[in-house]
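Engineer: build me a structure from this.
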Amino acid sequence: MLGLKPVLLIIWYGYINPIKGNSMHLFYCDESNLEEKRGDFLIYGGISIDADIAKCFSDEIEQIRKDASVPNDYLLKFNPGPKDLDHQEFLSLKERVIKSAVKHDIKLIVYVILHDVATSPDEARRNGINAVCYHFHCLLNRLKDSGLVLVDRFNDKGNKIDAHLHEKFSIGLKGMPYSKTIRLDNIVGFHYSAIGQSHFPSVVDIILGSLRFAINAHTRGEERHLTTSKLLLEMLEPLFYREGSDNSVSEISFQFSPKVIKADSYRKKYESLKSFLNDSGINTNQMISDQRTY
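Structural biologist: Have a look, this model is predicted:
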């Protein structure tokens, strides 16, 4: 029996370990700016967390909360802050959360659509889920890893979200330009999450809330918030996935929807937002166009 041990060790390290080398990524998603308002962009996005560092990242968020004396049962979001923290202390806490995400190499995937061109907020949110899940699948392709999607629970008209997530797992995406369906086979499951069930929904809310604050300051012409907005975007910039010779933010990390914008007035709003983001280092690769380019 002793003679078999080296053989068993070879089998263990040579066969099982390479399979374990395929990392799992957790993809926590949420929406922002859901309220239908002319000139505003609905934002749907998520953060990709390598499961290998999830515990370390979670522990650091826990420590950030303790350092700020945030009560254990407090649901940490972009707003409002804990009643015992003043404005500056709360800003510092959120800054530490974003910097922790950057430190742990978290990747942000975002979809934005102008409310003026969206069919409805609920439909736009479902399309946003489609887009970010597909782009998460694409990111996993590049990393040669697999992932698990966790969508922030919400109630839409007719409770269509349950069937929508079932479709994402069993079929994938439907009605694509060059294929009737695309199976998202890098994703092993689609589930619900809620703020307070882990630290990660809080991180998503703070990151997307920061992005919303900056985008709204621009689209609404809120001059008093533009300096803060620029600082927020500069903090968020490292979270975006980049590729290509120009190191621009990949479309899988930031997508403007729809891809073809015929109306001049709407296209100018998209072009203006793209320029605003670019000024803070978020140089999005996707072109704003009135012509189909795919």
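
Engineer: excluding chain neighbours, what is closest to the residue positioned nearest the centre of the chain?
Structural biologist: The centroid of the chain falls nearest to Gly46 when counting by Cα atoms, centre = their mean (2.0 Å). Nearest non-adjacent residue to Gly46, counting by Cβ to Cβ, 6 or more residues apart in numbering: Cys29, 3.6 Å away. Where C-beta positions appear, they are placed from N, C-alpha and C, glycine not excepted.

Engineer: for the one you found, identify the helix or strand it belongs to.
Structural biologist: According to DSSP states H and E, Cys29 maps onto strand 24-32.

Engineer: what mean pLDDT does that strand have?
Structural biologist: With pLDDT averaged residue by residue, strand 24-32 scores 97.

Engineer: and it, what's buried?
Structural biologist: Within strand 24-32, the residues scored as buried using 16 or more other Cβ atoms under 10 Å are His25, Leu26, Phe27, Tyr28, Cys29, Asp30, Glu31, Ser32.

Engineer: note down every partner strand of that strand and its orientation.
Structural biologist: strand 41-50 (antiparallel), strand 146-152 (parallel) (DSSP bridges).

Engineer: closest to Leu233 out of those strands?
Structural biologist: Nearest of the strands paired with strand 24-32 to Leu233, taken as Cβ to Cβ: strand 41-50 at 13.3 Å.

Engineer: and the next element down the chain from the closest one?
Structural biologist: Next in sequence after strand 41-50, counting helices and strands by DSSP H and E, comes helix 51-67.

Engineer: got the angle between whatever helix or strand comes next after that next one and helix 51-67?
Structural biologist: Following helix 51-67 in sequence order, the next helix or strand is helix 87-103 (DSSP H and E). Angle of helix 87-103 versus helix 51-67, following axes from the mean of the first three to the mean of the last three Cα atoms, to 10 degrees, is 160 degrees.

Engineer: who touches helix 87-103?
Structural biologist: Defining contact as Cβ atoms under 8 Å, 6 or more residues apart in numbering, one finds that helix 87-103 is touched by 47, 57, 60-61, 64-65, 67-68, 70, 78, 81-82, 85, 202-203, 206-207, 210, 235-236, 238-239.

Engineer: try 6 Å this time
Structural biologist: With contact meaning Cβ atoms under 6 Å, 6 or more residues apart in numbering, helix 87-103 is reached by Glu60, Ile64, Ala68, Gly81, Val203, Ile206, Met235, Pro238.
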